[in-house]
Structure formats: C-alpha cells, structure tokens
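1. Kindly return the folded structure for what I paste below:
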Amino acid sequence: MIPSMARCARSEYRSGWKTHPVLYAARLPFSDSASRIQTNEKGRTMPGALEGIRVLDLCIILAGPTCGRTLSEYGADVIKVDPEHRVPGLTPWLDVGRGKRSICLNITRDAGLEAFYRLADTSDVLLQGFRKGVAERLGIGYEQLSERNPGIVYASINAFGQEGDWAMRPGFDQNAQAATGMQLRNGGDGQPGPPPYTFNDYGTGIMAAYGVMLALLEREHTGRGQKIDTSLAYTASTFSSAYMVDYEGYEPDEVSGPEAKGFDTLNRLYRTADGWLALSVNNDGEREKFNSLGPFTKLSDRSTLEPIFASRSTNDWVKSLSEAGIAATASRTLADVRNEARDDERDLIVAEHHPFFGGVEHGIAAPQMDATPVRAGTSPVFGGDTVEVLTELGYSDDEIEAMRADGVIPQADGLPLR
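-> Numbering: from 1, shown residues only. Coordinates of the predicted model:
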C-alpha cells in the first residue's frame with residue numbers, strides 16, 4: 001500500500017538521513033523534502049494544487065529537473081530516479097533538485113526494471129530527457145508504460161524533440177540558442193554571442209510542467225494519459241516568436257548586439273550619475289506625462305536625454321518618474337536583488353538547512369496561489385530515499401538487501417555529490 005502524502009509529511013527524517021553514518025552523527029535537522037502540507041494563519045492544512053499526484057523524474061542537467069521541481073512546488077510527490085553512477089553536480093542539485101525524493105536504481109538489471117515498473121504503475125507522470133529511441137530500448141517508452149498504466153502522462157524533454165531530422169541529435173541550451181538564431185541576434189553584426197544565462201533550460205522545464213498540468217486536466221475527462229513532446233528548441237522558438245513574424249512588405253527592425261540598450265529613445269537603458277535606469281514610455285498618454293516633466297519639455301532625441309539622466313542618481317529618477325506614472329526601474333545586481341528579497345514579506349528568497357551543505361538560499365516559484373500555496377522544498381540527499389520508496393512499494397528488508405548485493409541499488413543510502 002502506498003502511504004499518503006500526509007504520512008510522508010509526518011516522517012521525522014528521510015531514510016537516507018537515518019542510515020547515513022555521517023548525517024546521523026551530526027544530528028542536523030533536515031527539512032522533509034516530501035512534505036506537501038502547509039498551514040494558513042488559522043492552522044488549517046493547505047495542500048498544494050497537485051496534491052496526490054506522483055511524478056517520476058528521470059531527467060538530468062536543468063530543463064527536465066526544472067519541470068519536476070515546478071510540479072513539486074505545487075504539491076506533487078516527485079521522485080528523482082537516477083543510476084548510482086550518474087552523480088549530479090552540486091549547484092544544479094541544490095537548485096532543481098528541491099522538493100523531490102531521490103532514489104538510485106539500476107534499471108538495466110531485471111530486478112531494477114521490475115521495481116521501476118511497480119513505481120510507474122503507481123505514478124501519474126513520468127519525465128524523461130532521452131533522445132529518440134533510448135527509452136524504448138530501456139523498456140520504459142510511452143507505449144510500454146501506458147500499456148501497464150493507461151493514465152500515465154509521459155513527458156519527453158530534450159534538445160530538439162522526438163520527431164524530425166534533428167531528433168537524434170544531442171544538445172544543450174547553447175545548441176538550441178545557436179539553432180534558433182538567438183546567439184546571432186544577441187551578438188549582432190554577424191557575430192554570435194550566447195546570453196550568459198540558460199533561459200531555454202528553465203523555460204523548457206516550465207513549459208513542460210504546463211503541458212503536464214494540461215494533460216492531467218484532460219485526463220479528468222477521458223481517464224487516459226498522453227505523451228508530451230517538448231524541447232529546448234521549441235522553447236527558444238516560442239521566446240523568439242516576435243522575430244518569427246513575416247508578411248508581405250514587412251521590414252524587420254530587430255534590436256541586436258551586446259551594446260543594444262533598448263528598442264527606441266523612450267524604451268531603453270540610460271546611464272545615471274550612479275548606475276543605470278530602465279525607462280519604458282509606450283503610448284501617447286505616457287509620452288504626454290513624460291514631456292510634461294521639467295527636464296523633458298524639449299525632448300528631441302537620445303543624445304538630448306543622455307546628459308539629463310546622467311545628472312542625477314538612479315533613485316532620484318525612479319522616484320520622480322514613478323510619481324508621474326512613468327515606468328522606471330533601477331538595473332540592479334543579483335546581490336542587490338537577494339538582499340532586498342530576504343526582507344520581502346512575500347518570501348521571494350527561502351532559506352533552508354541542508355545536512356551536507358549547511359545554509360542554502362533559493363527563490364520560489366511563480367505564480368503564487370492563495371488557496372494552494374507554493375511549497376518550498378529542500379534538496380534531498382542523493383539516493384537517500386531509495387529504501388523508503390522500495391518499502392512503500394512492498395519490498396521486504398530481505399528483498400532490499402538482495403537488491404544491494406546484486407548492484408540494483410547502492411550499498412549506501414546517501415551518496416555524495418560531485
């Protein structure tokens with residue numbers, strides 16, 4: 001019998017915590033990563049929107065694990081499934097591993113594949129990041145699993161999708177950026193310039209979570225799951241949709257290159273006396289307000305505005321422009337953002353204590369929901385929930401020890417990260 005989420009939430013410690021000698025000796029409090037329950041101001045339980053949904057996350061790197069993390073933040077019980085040898089890096093694990101349980105399982109062994117089938121039979125969603133054909137060779141393709149569990153929602157999340165000429169190609173965020181024109185647009189003048197962030201990875205994870213939730217909603221009507229195909233390249237194309245527009249007589253006017261400061265004179269970055277200001281004036285009413293302000297009554301072009309903005313501090317401009325109803329924001333460093341978010345009553349930054357790595361801070365998901373709040377889970381110990389999950393599936397202690405001896409699961413329940 002699979003225990004309820006509330007039972008998981010009441011567990012004092014994860015199994016990996018109890019059986020790992022280093023962690024147990026330290027006696028450090030470990031936030032329960034499987035907890036799905038929060039309370040409101042009256043002490044009533046507030047389950048997440050995806051309460052009762054079980055997700056198997058087989059993905060690596062960022063995109064797929066971001067999908068799993070997002071589903072977990074909204075209440076799903078997400079079980080991260082990895083082979084013992086595929087140890088993740090520290091930073092991605094602390095980032096996109098949050099809120100999940102972690103098991104190590106060798107599905108190339110018969111006993112490991114059988115355990116995986118038992119898990120898939122009791123799950124609502126599976127996330128995988130393999131190229132075309134790999135999951136089928138492992139015995140865990142959509143057709144193979146949906147025959148056993150017709151209600152399963154099966155999401156494929158990779159670089160170039162499961163169909164088409166590029167389906168067999170490996171790839172990461174920078175490859176998707178290159179393939180969809182992002183890098184040349186960012187670099188400008190024919191020189192590619194990769195953006196210093198992996199927005200396609202995170203964007204694809206969120207898009208995949210969106211698809212999963214739609215499929216779960218549709219399942220309420222039909223009783224059947226479905227297969228979802230998403231990729232970094234699909235997301236990059238979606239984010240570039242404004243540049244995909246074409247029609248007779250269209251003359252593209254793309255803003256490109258690292259020196260680009262905005263779209264036009266009134267929608268761009270300006271240097272101030274002590275930093276940078278992002279100005280956005282977008283319609284006649286806003287332009288009228290802008291022109292009514294003393295320094296801007298004789299506005300002509302950018303060269304006129306630059307010395308005006310450079311004469312005062314960023315905060316001065318933000319205050320005066322905001323009071324006039326003009327959108328103006330300081331360009332801030334990440335350190336500034338973190339420091340302000342720590343004091344924000346919306347809990348935009350959440351602190352946790354990890355048994356291996358001590359104090360860890362991270363952001364939380366959007367959108368925020370009042371009736372089913374976001375859950376800020378902690379990152380699990382790699383492989384630390386293997387015994388617990390197998391026990392939930394009905395495996396006895398002797399069967400679990402036999403799986404250890406056969407190399408189906410690790411010898412230790414909590415493994416160090418890279």
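
2. residue ranges for the strands of the stretch 301-418 of the chain, please.
-> With DSSP state E, counting those that start in this stretch as the criterion, the stretch 301-418 of the chain has strands at 327-330, 349-354, 358-363.

3. got the residue ranges for the helices in the stretch 151-300 of the chain?
-> 173-179, 182-187, 199-222, 232-239, 241-244, 284-292 (DSSP state H, counting those that start in this stretch).

4. Just the pLDDT for the residue lying closest to Ser331 once chain neighbours are set aside.
-> Closest residue in space to Ser331, ignoring its immediate chain neighbours: Trp276 at 3.9 Å, by Cβ to Cβ, 6 or more residues apart in numbering. C-beta coordinates here come from the backbone N, C-alpha and C atoms, glycine included. What the model reports for Trp276 is a pLDDT of 94.

5. what's near enough to touch Trp276?
-> 269-270, 314, 330-331 (Cβ atoms under 8 Å, 6 or more residues apart in numbering).

6. Go again with 10 Å.
-> Neighbour list for Trp276: 261, 269-270, 309, 314, 329-332 [criterion: Cβ atoms under 10 Å, 6 or more residues apart in numbering].

7. how near is it to Tyr270?
-> Between Trp276 and Tyr270 the distance is 7 Å, computed by Cβ to Cβ, to the nearest Å.

8. what do you get for Phe239?
-> According to Cβ to Cβ, Phe239 and Tyr270 sit 26 Å apart.

9. neighbour-wise, which of those two wins?
-> Tyr270 (21 against 16; other Cβ atoms under 10 Å).

10. quick one: the more buried one and Trp317, what's the gap?
-> For Tyr270, the distance to Trp317 - Cβ to Cβ - is 8 Å.

11. between the two, what contacts are shared?
-> With Cβ under 10 Å, 6+ apart as the test, Tyr270 and Trp317 both reach 277, 279, 308-309, 328.

12. Now that you've got these, can you turn the buried subset into something I can paste into PyMOL?
-> The buried subset of these, as determined by 16 or more other Cβ atoms under 10 Å, is captured in PyMOL by this line:
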select buried, resi 277+279+309+328
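
13. For the shared contacts of Tyr270 and Trp317, give me TSV that also has distance to Asn291.
-> Shown next, in TSV, are those (distance: Cβ to Cβ, whole Å):
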residue	distance to Asn291
Leu277	17
Leu279	13
Ile308	13
Phe309	15
Ala328	15
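
14. Could you list the low-confidence segments of the stretch 301-418 of the chain?
-> 301-302, 343-347, 416-418 (pLDDT under 70).

15. What segments of it are helices?
-> Under DSSP H, counting those that start in this stretch, the stretch 301-418 of the chain gives helices at 302-309, 314-323, 334-342, 386-392, 397-405.

16. what's the spacing between the second one and its chain's center?
-> Right, helix 314-323. Here helix 314-323 is found 34 Å from its chain centre; the criterion is Cα atoms, centre = their mean, to the nearest Å.

17. Could you name the helices and strands sitting against that helix?
-> strand 267-271, strand 276-280, strand 327-330 (3 or more Cβ pairs under 10 Å, 6 or more residues apart in numbering; DSSP states H and E).

18. Could you save the strands of the stretch 301-418 of the chain as a markdown table and add columns showing distance to Gly171?
-> Shown next, in a markdown table, are the strands of the stretch 301-418 of the chain (distance: least, Cβ to Cβ, whole Å):
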| stretch | distance to Gly171 |
| --- | --- |
| strand 327-330 | 34 |
| strand 349-354 | 31 |
| strand 358-363 | 27 |
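
19. sorry, back to before: state the pair within the shared contacts of Tyr270 and Trp317 that is farthest apart.
-> Ile308 and Ala328 (13.1 Å; Cβ to Cβ).

20. Between these two, which contacts overlap?
-> 270, 317.

21. Am I right that Asn267 is in contact with Asn283?
-> No. Judged on Cβ atoms under 10 Å, Asn267 makes no contact with Asn283 at a distance of 11.2 Å.

22. show me where pLDDT drops low in the protein?
-> 1-45, 253-263, 298-302, 343-347, 416-418.

23. contacting residues for the residue nearest to the spatial centre of the chain?
-> Centrality entry for the chain: nearest residue to the mean C-alpha point is Thr66, 2.8 Å, by Cα atoms, centre = their mean. With contact taken as Cβ under 10 Å, 6+ apart, Thr66 is in contact with 59, 92, 95-96, 127, 157, 198, 201-209.

24. host element of it?
-> Assigned by DSSP states H and E, Thr66 belongs to helix 63-73.

25. need the next SSE after that helix, C-terminal direction.
-> That would be, after helix 63-73 and using DSSP H and E, strand 77-82.

26. Counting by contacts, list what that next one packs against.
-> strand 54-57, helix 63-73, strand 100-104, helix 110-121, strand 125-128, helix 386-392.

27. ok, that strand: who's next to it in the sheet?
-> strand 54-57 (parallel), strand 100-104 (parallel) (DSSP bridges).

28. name the helices or strands packed onto the next helix-or-strand element following it?
-> Beyond strand 77-82 in the direction of the C-terminus, DSSP H and E gives the next helix or strand as helix 90-96. In terms of contacts (3+ Cβ pairs under 10 Å, 6+ apart), helix 90-96 is packed against helix 63-73, helix 199-222, strand 349-354, strand 358-363.

29. now the angle between helix 199-222 and the first one, please.
-> Angle, helix 63-73 to helix 199-222, by axes from the mean of the first three to the mean of the last three Cα atoms, to 10 degrees: 50 degrees.
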